Each structure stands twice: as C-alpha cells, then as structure tokens.
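Trainee: model this:
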Amino acid sequence: MGVSDFVGEKLGLSEPSARFLVALYAAYPVSIVYRLLLAQQHPRIKNVYLSLSGMAIAYYILGTNVWHSAADVLAVYLLLSVCGGTLVSVVLTWILVMGHMMCGYVVAAMSGEIHQISWRIPHCVLVLKLIGLSYNLYDARKKESELSVDMKNTAVAEAPSLIELAGFSYFHGSVLAGPQLSFRRYRDFVNGDLFDWNKTPSSVPAGVQRLLVGVALSALYSLLNQWFPLSTVISDQFNDHVFPMRVLLMVACGKVALWRYITVWLIAEGSCILTGISYNGVDKSGSVDWYGLSNIHLLKAETSITLQGIVESFNINTNKWIALYVFKRLRFLGSKTLSLLISLTFVSLWHGVWPGYALCFSLEFMLLFAERSFISFMKRLLGGTLSEFSLPLRALLTLAAFILRNIVLFYPLMLFMLLSWDLCFKFMSSVYFMDHIIVIVWCFLFYTVLANVIRKPKPKKDE
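Mentor: Sure, this is the predicted structure:
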C-alpha cells in the first residue's frame, strides 16, 4: 500500500485527493533540505534543486500529464529568449499559455469532467507566473516615469535561463495551488539578494505556526464537513426546511467548504516561509515579516463586515496579480467599472468554462457595485461614517452588516463550487435567487426612489 492509499483510507479521501494532500506536505522536507544544505550555495545549484524537486511533486500528482506545464515553460523560454521585453512577447505569451489552458477546459467540459484534480489545477498557477514574467521584462524597458511602484518592484531586465525559469515555474511551495509569486522575488531569493541569511532571524517559527494553523483548520473541516457537506444545498431534503433555515444551512455549508481552500493555502504558505522566499521586510515594531506570500488574512476574512473586505483578505496574491497585470493595465479605458468587469471576466475564464464560475464572478461584480452604492446611501442617510456613531449604534450596525455580509457572500460561493448549470440552478431556485433579487431591487430603488436622498444639494446662489 502506497502513502497516498494509506492516507486516503484513513481520511476517507479519493486517490487523487490523497495524492494532492501528500504532495502538499511533501513540500516541507524539500524546504528543510533547502534550508540545511542549499540556502547559501551557488544560485545554479539552487535552481537545479528547486526545478527537480518541484517537477517531482508535480509528476507525483499528474504523472505524464506534467508535459502540459513542461511544454509551456519551454515554449515561453524560447519566446522570451527571442523577443522578451517587447509587447509582442506579452501578447504571444497570453495567447500561448491561456490558449493551452482554455483548450484543456473546453475538452474537460465537453467530456463532462468536473470536480476532478487534474493538470489544470497547478497549470492555473503557472499561467499567471509566465504571463507576469512577460510583463516584467516588458516593464523593464519602459521609462521609469511610466512605471508604478509595483511595476518597478517586479520589473526584470534580463530574461531567465531555462533552469532559472524551471525553478521559478516549479517552485515546490507554490507549484500545486499557489501562492502566486513574481519572478523578481524568486530571482532575488535564489541569488541571496532578498535578505541576509546570516543576519536575519529564522523563519522556522513562522513557517511552523502557519502549518499548525492549517492542520488545525483541516481537522475542523474534516469534522464539520460530516454535518455540513456541500451536497446539503442540492439535496432533496434541503427544500423541506423553511427558507430562513435554508439560508442558515447555506452559510454553514459555505463556511465549512471555504476552509478546504484556506487549509491548502496555509499549508502551502508554511513551506514557502521555511525557505525564506516569503520575506517581506521588517515591520514597524522591528520584527521580520515572513508573510509576503500570504494568501489569506484569517482575522480580516472572518470579521470583515463588507464584501470588499473579504475580497481584500481572500486569495490575496492572486488578487494582487489581477490588479497589477489586468485591472491597472486597463487604465486607458478611463472607467474603473469597465476595468473591473473585464478583470472579473478574465478571473472567471482563468478558473474554467463551467457556468458556475461565470455566475459567481458576474454576481460578484454586481454585489460589489451594489455594496458601494449602499454604503454611499447609508452615509448620506445617517449623516456620517460608522466610526462617528455612538458605541451602541455602532455595535448594532456592525452586527447587521456582518449578518448581511454572510447572507449575500455564500450564495455566489455555492455557485463557484457547484459549477454545473443543473446544480447551480437547483440551488438558486431553492433559495429563490435571493442575491440576484437583492441586487436588482436595490439598484432599481437606488436609481429611482432613493435618488433624491443621495443627490447632493446644489449650493444656493447669493442674491
């Protein structure tokens, strides 16, 4: 019996899921060996080790399907070697890697393949890495006055060697499910420019802490998922409950299902921290910040009272990538709303072509728009911001906002995880399409009945 078979039998996981879990934890011994033996070796030795170890982890899960990522890495290396730093290279990288992944999505959708661990999961991470690198080289050739701070911090003047690109692409801590990292960070890390190993405090305590939180959350997920599985919201018994109970079950099942993703991010981040690649400078108190690759801000994600706060604390590095390489690059359109719409469309396609993704991210766009207008309306109605009110009123409004946030949040999240149209429609009809109705009704009221409430009064002319 193999390791994955043993893990699958003990935890009740499918064979692919067990392999994914084993591979996730396999990044830790790879990080430990790196720390003990290779951290201060020549960059070429480090790149070879990081390339081979990451490819081994990928092969363990994907088998011969690892050729998908290897082909893209080789193709992009050749492309950037020939015309890296040009707009043509950026466009061709987009077409090459996104086209490859989209073909995989279409084939999977046509064959009915859904909710399966396949080469497309780690390929999502690789696609962003390679597109980001093409932009980094392009930005390095621009005038400094044309670059934002983020562009300056990620710009790369020299195209990578093949072994360097392989090490970046297959870096063991992020090869499976992120976190997303820039090539500039990887190169500085390998070259020893990110921080001084001899003067910087150890990252081990921070890495172990992240691992333990991930393990604890994983155990909690395994326990509560028996009571609140995702299948609850599409079961025949779901409609037997009164509507308020259905909403509560939706929130509970959504919360538990979300922990599965957070667990993966925390465990992956811990292995990155152990190597030191997540170094993020020194904070105001003088302590080293090892959370530069953190994908989740747990406290903020659990306590935020707005959807915007959730977006800012969830899948952080991917959201930063979208902001830097998609949203901000659309500034020429002159419309933040249009830029956001295009960005979310890209995010939806990047995840896949299943209807659940399109439903989720289109609804996210509408909900964020509705939330901003709702907050604007409440400020005008109440005559101030939340912090300006008395403690009892502030507590009441915060509680109300927190409850409303949870109600509207887990509706699109269910669509994200159910994916197929039949399952999504069955769920939406069970809760009476409530988020869609909320958005439509609010926007109608906002632009008609309530328009005079939020309209700023015109200043009176002096007679």
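
Trainee: So which elements touch the longest helix seen in the chain?
Mentor: Counting residues, the longest helix found in the chain (DSSP state H) is helix 243-275. Counting by 3 or more CB pairs under 8 Å, 6 or more residues apart in numbering; DSSP states H and E, the packing neighbours recorded for helix 243-275 are helix 15-33, helix 204-224, helix 391-418. Just so you know, the C-beta spots here come from the backbone N, C-alpha and C atoms, and that holds for glycine as well.

Trainee: With mean neighbour count added, can I get these in JSON lines?
Mentor: Formatted as JSON lines, these follow (neighbours: other CB atoms under 10 Å):
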{"stretch": "helix 15-33", "mean neighbour count": "19"}
{"stretch": "helix 204-224", "mean neighbour count": "17"}
{"stretch": "helix 391-418", "mean neighbour count": "17"}
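
Trainee: Find the nearest non-adjacent residue to the residue nearest to the spatial centre of the chain, please.
Mentor: Geometric centre of the chain, nearest residue: Asn315, 2.9 Å, by CA atoms, centre = their mean. In space, and not counting its chain neighbours, Asn315 is closest to Asn295: 5.9 Å by CB to CB, 6 or more residues apart in numbering.

Trainee: could you list every residue that touches that neighbour?
Mentor: Counting by CB atoms under 8 Å, 6 or more residues apart in numbering, Asn295 makes contact with Gly178, Pro179, Trp265, Ala268, Glu269, Asn315, Ile316, Asn317, Thr318.

Trainee: Tell me the confidence at it?
Mentor: If you check Asn295, the pLDDT there is 92.

Trainee: What about it? Give its phi and psi, please.
Mentor: Taking degrees, to the nearest 10, you get phi -100, psi -10 for the backbone angles of Asn295.

Trainee: need the least confident one among the helices and strands packed on helix 243-275, by mean pLDDT.
Mentor: Looking at these, the bottom one is helix 391-418 with a mean of 87.

Trainee: That one versus helix 243-275: what angle between them?
Mentor: 80 degrees (axes from the mean of the first three to the mean of the last three CA atoms, to 10 degrees).

Trainee: How far off centre is helix 391-418?
Mentor: 20 Å (CA atoms, centre = their mean, to the nearest Å).

Trainee: Likewise for stretch 103-116?
Mentor: 21 Å.

Trainee: Check stretch 292-309 too.
Mentor: The answer for stretch 292-309 is 12 Å, by CA atoms, centre = their mean.

Trainee: Can you mark which positions in that stretch are buried?
Mentor: Across stretch 292-309, burial judged by 16 or more other CB atoms under 10 Å covers Gly292, Leu293, Ser294, Asn295, Ile296, His297, Ala301, Ser304, Ile305, Thr306, Leu307, Gly309.

Trainee: Looking at these, which is nearest Leu386?
Mentor: Among the buried residues of stretch 292-309, Ile305 lies closest to Leu386 (CB to CB), at 8.5 Å.

Trainee: Secondary structure class of that closest one, three-state.
Mentor: coil (DSSP: H, G, I helix; E, B strand; the rest coil).

Trainee: Name the nearest residue to it, sequence neighbours excluded.
Mentor: Ala401 (3.9 Å).

Trainee: about what we covered before: dump the buried residues of stretch 292-309 to JSON lines, plus distance to Gln209.
Mentor: Shown next, in JSON lines, are the buried residues of stretch 292-309 (distance: CB to CB, whole Å):
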{"residue": "Gly292", "distance to Gln209": "15"}
{"residue": "Leu293", "distance to Gln209": "14"}
{"residue": "Ser294", "distance to Gln209": "12"}
{"residue": "Asn295", "distance to Gln209": "15"}
{"residue": "Ile296", "distance to Gln209": "14"}
{"residue": "His297", "distance to Gln209": "15"}
{"residue": "Ala301", "distance to Gln209": "17"}
{"residue": "Ser304", "distance to Gln209": "22"}
{"residue": "Ile305", "distance to Gln209": "27"}
{"residue": "Thr306", "distance to Gln209": "28"}
{"residue": "Leu307", "distance to Gln209": "29"}
{"residue": "Gly309", "distance to Gln209": "24"}
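
Trainee: wait, which of these is closest to Leu92?
Mentor: Leu293 (28.2 Å).

Trainee: so what's that closest one up against?
Mentor: Here Leu293 is in contact with Gly173, Ser174, Pro179, Leu181, Glu269, Cys272, Ile273, Ile277, Ser278, Asn317 (CB under 8 Å, 6+ apart).

Trainee: Need those in JSON lines (columns: neighbour count).
Mentor: Converted to JSON lines, the contacts of Leu293 look like this (neighbours: other CB under 10 Å):
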{"residue": "Gly173", "neighbour count": "30"}
{"residue": "Ser174", "neighbour count": "28"}
{"residue": "Pro179", "neighbour count": "24"}
{"residue": "Leu181", "neighbour count": "24"}
{"residue": "Glu269", "neighbour count": "29"}
{"residue": "Cys272", "neighbour count": "29"}
{"residue": "Ile273", "neighbour count": "27"}
{"residue": "Ile277", "neighbour count": "27"}
{"residue": "Ser278", "neighbour count": "27"}
{"residue": "Asn317", "neighbour count": "21"}
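
Trainee: Please identify which two of the residues you listed are farthest apart in space.
Mentor: Ile273 and Asn317 (13.6 Å).

Trainee: got the contact list for Asp240?
Mentor: Per CB under 8 Å, 6+ apart, neighbours of Asp240: none.
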